[in-house]
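> predicted model, plus sequence, below.
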Amino acid sequence: MTVADRSFEAGAELVGNRFLVREVPTSTFPRTGMTAQEAMRLVAEDLVLEGDPARNLATFVTTWMEPEAQKIISGNLHRNFIDHAEYPRTAEIEQRCIRMLADLFHAPGETTGARTQGSSEAIMLGALSLKWNWRTRREAAAKATDRPNLVFGGDVHVVWEKFCRYFDVEPRIVPLRPGKYTIGPEDVEPHVDENTIGVAAVLGTTFTGHKDDVKGINDLLVQIKAERGLDVPLHVDGASGGFVWPFLYPDSEWDFRLEQVRSINVSGHKFGLVYPGVGWLIFRETADLARDLVFEENYLGKTDATFTLNFSTGSAMVLAQYYNLVRYGREGYTYIMRAMQRNAGVLADKLEAMGQFEVIGRDAEQLPLAAFKLNAPRSYDEFDIAWQLSAERGWMVPAYTLPPAAQKVTIMRALVKETLSREHVDTLARDIAAACATLEAKGGAHESERSRIVVGPGH
């Protein structure tokens, strides 16, 4: 190393940023470490190249919490949730959240549930309980248990198909069709038989934000129970809608007010307004949790009953969820959901006023979002608009095709969350119009641009 090189290295040490001109570690385990300041700057400078979460209108996941909630989170990152003997108050707070959500979902009496890593784990557990309970009923009747099936629509999250593959259950998927992006009793009825472990209905799909006809499906299952003697339970996937419908549509029946609804999952890290990741699984009553899923374990001096798929996990988001529940209450959550719904309506109005978009299903019960598509063929498509919005203004507004048999339908969806103010909505509408004008002038996105477009409805 020359004198000049040594002098330059000394300058890097003084400034505290040797990676200003060096390549960062990427593939081999570093031989030596670095100062805390350098490590922090290295990571921070990498993240500068990320997208801005405030402009990510694809994700349902919470991207902002109050400073007080952030203090609770940062102060409890070191607390392992599973250690109930050492952290009994955290375990009690989890149970408080479960009881509050059971009350919100109109559970008729004593119930049970669990915090999960997100709705994916909650769905896996809820579906496992459906399978185990079905198997117990079949064994008691001396009937075969080798051909379980689960009925759901093409509007579900991919985790439902994962469950069926991982746990050897036949998926009976009701296809969508153009103009109908949710399912109802007429779609479910042909698929239900004695091997059906349950039916899954979605409350707020990731595709258009609408709900399946939960009440109609429940009424069908009640009828099947009376006429055919088949007690088929209904699980409601409320990952997105479980924290929306109780506040925007309190009179809409989709929860434990319906006889066959036996379990509900909801994501606290979506409209529960908590950072990722926390989800919740709530059973109608304790008997709906299959006993074979519960493990009694003696760990660190205390016997606990557990039935989650994960073991060690942080306490911070459970505590943050409880903070939100007591911080906002019904009144606060109602205001926040109505504010988001109002801004979603403004965005829908502006999209319709442009004259080139069709807003999908805005008159139905829906998550606070605007789902839309071009109303006529043009020299550009929805994918081009998504690209242009991202390239020009940094907005992440997804474009995607719908599931079979509506896969020829392409739509866009702008999720309106707490951080998207009225000014942001107005700016977004102007930017969409400007992106369309640019695409009109250049005849659509270039092929090199289209190859870089990220597709999918987001999570």
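Happy to help now that I have it.
> where does residue 171 land in three-state SS?
For residue 171, the assignment made with DSSP: H, G, I helix; E, B strand; the rest coil gives strand.
> tell me where the stretch 1-150 of the chain has helices.
Using DSSP state H, counting those that start in this stretch, the helices found in the stretch 1-150 of the chain span residues 3-15, 36-47, 67-74, 88-104, 119-140.
> tabulate those (CSV), appending mean neighbour count.
For every residue, glycine as well, the C-beta is placed using N, CA and C. Listed next are those as CSV, based on neighbours: other Cβ atoms under 10 Å:
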stretch, mean neighbour count
helix 3-15, 11
helix 36-47, 12
helix 67-74, 14
helix 88-104, 17
helix 119-140, 21
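> need those helices in TSV (columns: distance to residue 60 and mean pLDDT).
Shown next, in TSV, are the helices of the stretch 1-150 of the chain (distance: least, Cβ to Cβ, whole Å; pLDDT from 0 to 100):
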stretch	distance to residue 60	mean pLDDT
helix 3-15	41	68
helix 36-47	21	89
helix 67-74	18	97
helix 88-104	18	95
helix 119-140	10	97
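> next, format those helices as JSON lines and append distance to residue 275.
Converted to JSON lines, those look like this (distance: least, Cβ to Cβ, whole Å):
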{"stretch": "helix 3-15", "distance to residue 275": "33"}
{"stretch": "helix 36-47", "distance to residue 275": "16"}
{"stretch": "helix 67-74", "distance to residue 275": "7"}
{"stretch": "helix 88-104", "distance to residue 275": "15"}
{"stretch": "helix 119-140", "distance to residue 275": "15"}
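> and residue 339, how close does it get to residue 269?
For residue 339, the distance to residue 269 equals 19 Å [Cβ to Cβ, to the nearest Å].
> go on, residue 362?
For residue 362, the distance to residue 269 (Cβ to Cβ) stands at 26 Å.
> which residues does the spatially closest residue to residue 337 that is not a sequence neighbour contact?
Distances taken as Cβ to Cβ, 6 or more residues apart in numbering place residue 247 nearest to residue 337, at 4.4 Å, with adjacent residues excluded. For residue 247, the contact set (Cβ atoms under 8 Å, 6 or more residues apart in numbering) comprises 330, 333-334, 336-338.
> what's the helix or strand for residue 247?
Using DSSP states H and E, residue 247 sits in helix 245-248.
> pull the CA atoms of that helix into PDB?
Presented in PDB, the C-alpha positions along helix 245-248 are these (Å, rounded to 0.1, in the frame of the first residue of the first chain):
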ATOM      1  CA  TRP A 245     -66.000  -4.800   8.700                       C
ATOM      2  CA  PRO A 246     -66.700  -4.400  12.400                       C
ATOM      3  CA  PHE A 247     -66.200  -0.600  12.100                       C
ATOM      4  CA  LEU A 248     -67.400   0.200   8.600                       C
END
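> now do it: distance to the chain's middle.
How far helix 245-248 lies from its chain's middle: 17 Å, per Cα atoms, centre = their mean, to the nearest Å.
> so the closest residue in space to residue 189 that isn't next to it in sequence is in which element?
Sequence neighbours aside, residue 220 is the residue nearest to residue 189 in space, at 5.8 Å (criterion: Cβ to Cβ, 6+ apart). Taking DSSP H and E as the criterion, residue 220 maps to helix 214-228.
> can you pull the contacts of the residue nearest to residue 411 when sequence neighbours are not counted?
Counting by Cβ to Cβ, 6+ apart, residue 411 lies nearest to residue 373, which is 4.5 Å off, once chain neighbours are set aside. Taking Cβ under 8 Å, 6+ apart, we find residue 373 in contact with 357-358, 360, 382, 409-412.
> out of these, which is most surrounded?
Highest neighbour count within the contacts of residue 373: residue 412, with 26 neighbours (other Cβ atoms under 10 Å).
> CA atoms only for whichever strand or helix holds residue 432, dumped as PDB, please.
Assigned by DSSP H and E, residue 432 falls within helix 422-442. Extracted in PDB, the C-alpha atoms of helix 422-442 (Å, rounded to 0.1, in the frame of the first residue of the first chain):
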ATOM      1  CA  ARG A 422     -56.300  13.700   1.200                       C
ATOM      2  CA  GLU A 423     -53.400  15.600  -0.300                       C
ATOM      3  CA  HIS A 424     -51.700  12.400  -1.200                       C
ATOM      4  CA  VAL A 425     -54.900  11.100  -2.900                       C
ATOM      5  CA  ASP A 426     -55.100  14.300  -5.000                       C
ATOM      6  CA  THR A 427     -51.500  14.000  -5.900                       C
ATOM      7  CA  LEU A 428     -51.800  10.300  -6.800                       C
ATOM      8  CA  ALA A 429     -54.800  11.100  -9.100                       C
ATOM      9  CA  ARG A 430     -52.800  13.800 -10.900                       C
ATOM     10  CA  ASP A 431     -49.900  11.500 -11.300                       C
ATOM     11  CA  ILE A 432     -52.100   8.700 -12.700                       C
ATOM     12  CA  ALA A 433     -53.400  11.100 -15.200                       C
ATOM     13  CA  ALA A 434     -49.900  12.300 -16.100                       C
ATOM     14  CA  ALA A 435     -48.700   8.800 -16.500                       C
ATOM     15  CA  CYS A 436     -51.500   8.000 -18.900                       C
ATOM     16  CA  ALA A 437     -50.700  11.100 -20.900                       C
ATOM     17  CA  THR A 438     -47.000  10.100 -21.100                       C
ATOM     18  CA  LEU A 439     -48.000   6.600 -22.200                       C
ATOM     19  CA  GLU A 440     -50.400   7.900 -24.800                       C
ATOM     20  CA  ALA A 441     -47.700  10.100 -26.300                       C
ATOM     21  CA  LYS A 442     -45.100   7.400 -26.500                       C
END
